[in-house]
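Undergrad: structure, please.
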Amino acid sequence: MEKTEWYLEYEIQYNRPGLLGDISSLLGMLSINIISINGVENSRRGMLLLSRKDEQITRLKSILETMDTLVVKKLRKPKLRDKLAVRHGRYIHSDADDRKTFRFVRSELGVLVDFMAELFKKEGHKLIGIRGMPRVGKTESVVAASVCANKRWLFVSSTLLKQTVRSQLIQDEYSSDNLYIIDGIVSTRRANEKHWQLIREIMQLPAVKVVEHPDMFVQTTEYELNDFDYIIELRSTVDEEITYEPVEQNQFGQEDGFSMFDF
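TA: The predicted structure follows:
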């Protein structure tokens with residue numbers, strides 16, 4: 001019989017010596033394997049488990065609920081955030097008002113790259129927006145996550161090296177295995193109708209598209225923020241405010257110093 005993966009998260013009420021050993025022994029007696037374990041937040045601990053029968057998990061839950069030293073918070077089939085929490089020792093938090101918006105700070109770039117790489121591995125159309133101020137690491141994180149996900153990344157519009165605005169792709173660049181990166185400010189401020197026609201073609205592909213500055217992107221296009229599957233916010237510090245005036249000045253204020261690729 002094929003084994004099923006589960007995620008167990010519990011909060012420690014009394015951290016007595018040997019508590020983890022007792023839980024490990026209990027899992028062993030129930031023939032449940034531990035894949036990985038880590039502290040995920042404050043006094044919480046997360047485990048990825050493997051079991052052959054759902055009855056084993058039901059029995060585990062009933063036994064754990066009788067223990068005074070811990071409280072079971074989650075026992076379910078693991079979600080992406082559960083796996084990353086165990087891997088990195090912290091939870092990825094979504095916005096309280098918008099569950100598809102996820103927030104990171106620059107010190108968490110490793111977690112962000114891992115999170116995006118898992119999103120990029122999913123099949124089919126995915127539209128992902130990323131917000132952040134200049135030089136916070138948005139584009140670099142997207143490129144790194146593309147490499148981790150074994151995806152070929154293509155700049156449709158960008159300012160990473162030179163200001164790039166593409167109006168066409170060659171035949172082998174139309175692929176569901178590619179990842180398309182669009183700078184929302186560059187596209188809305190610099191692009192012509194051929195560029196927008198290319199973007200519309202790309203949006204029809206069953207592939208991942210990442211739009212930097214999605215709020216600017218939707219202002220002058222037919223697309224809306226509701227069209228995005230995920231929104232990622234990257235800040236230098238937790239309380240940094242993301243605004244667009246400095247971004248536009250940074251990208252377009254020094255016209256004489258910029259070269260531009262338009263092809």
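Undergrad: C-alpha from now on. contacts and neighbour counts both.
TA: Noted.
Undergrad: quick one, what contacts V156?
TA: T164, V165, R166, Y180, I181, I182, D183, I199 (Cα atoms under 8 Å, 6 or more residues apart in numbering).
Undergrad: and the third one, what pLDDT?
TA: Put plainly, it is R166. Here the pLDDT value assigned to R166 is 90.
Undergrad: quick check: pLDDT value at E193.
TA: As predicted, E193 sits at a pLDDT of 89.
Undergrad: helices of this structure, start to end?
TA: 19-29, 54-64, 80-88, 109-120, 138-148, 184-190, 193-203, 214-219, 245-252 (DSSP state H).
Undergrad: just checking, what packs against the shortest one?
TA: The contact analysis (3 or more Cα pairs under 8 Å, 6 or more residues apart in numbering; DSSP states H and E) places helix 214-219 against strand 126-131, helix 184-190.
Undergrad: ranking those by burial, who's on top?
TA: Stretch with highest mean neighbour count among the helices and strands packed on helix 214-219: strand 126-131 (a mean of 22; mean count of other Cα atoms under 10 Å).
Undergrad: so I128 sits right up against V210, yeah?
TA: Yes: between I128 and V210 there is a contact at 4.8 Å, judged by Cα atoms under 8 Å.
Undergrad: same list, the helices of the chain, but as a markdown table with distance to L225 please.
TA: Shown next, in a markdown table, are the helices of the chain (distance: least, Cα to Cα, whole Å):
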| stretch | distance to L225 |
| --- | --- |
| helix 19-29 | 44 |
| helix 54-64 | 39 |
| helix 80-88 | 22 |
| helix 109-120 | 18 |
| helix 138-148 | 18 |
| helix 184-190 | 12 |
| helix 193-203 | 14 |
| helix 214-219 | 7 |
| helix 245-252 | 19 |
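Undergrad: does A191 touch Q163 like I think?
TA: No: using Cα under 8 Å, A191 is not in contact with Q163, being 11.1 Å away.
Undergrad: nearest spatial neighbour of E9, chain-adjacent residues omitted?
TA: Nearest residue to E9, sequence neighbours excluded (Cα to Cα, 6 or more residues apart in numbering): G46, at 4.4 Å.
Undergrad: what is the neighbour count of that neighbour?
TA: G46: 26 surrounding residues under other Cα atoms under 10 Å.
Undergrad: ok, now which ones touch it?
TA: Neighbouring residues of G46 by Cα under 8 Å, 6+ apart: Y7, L8, E9, Y10, I37, N38, G39, V40, A85, V86.
Undergrad: separation between it and E123?
TA: 28 Å (Cα to Cα, to the nearest Å).
Undergrad: same question for L80.
TA: 15 Å.
Undergrad: on that earlier part again, and the residue nearest to E9, what pLDDT?
TA: Looking at G46, the pLDDT reads 95.
Undergrad: that one and E5, how far apart?
TA: 13 Å.
Undergrad: and what of G28?
TA: Per Cα to Cα, G28 is found 15 Å from E5.
Undergrad: quick one: which of those two has more around it?
TA: E5 (17 against 12).
Undergrad: pull the CA atoms of stretch 101-118 into CSV?
TA: Output of stretch 101-118 as CSV, limited to C-alpha atoms (Å, rounded to 0.1, in the frame of the first residue of the first chain):
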residue,chain,number,x,y,z
THR,A,101,-0.6,38.0,-0.9
PHE,A,102,2.6,36.8,0.8
ARG,A,103,5.1,39.1,2.5
PHE,A,104,8.9,38.7,2.8
VAL,A,105,11.8,40.9,3.9
ARG,A,106,15.2,41.0,2.3
SER,A,107,16.8,38.8,5.1
GLU,A,108,14.4,36.0,4.0
LEU,A,109,15.5,35.8,0.4
GLY,A,110,16.4,32.1,0.8
VAL,A,111,12.8,31.3,1.9
LEU,A,112,11.4,33.5,-0.9
VAL,A,113,13.4,31.8,-3.6
ASP,A,114,12.4,28.4,-2.3
PHE,A,115,8.7,29.5,-2.1
MET,A,116,8.7,30.9,-5.7
ALA,A,117,10.5,27.8,-7.0
GLU,A,118,7.7,25.6,-5.7
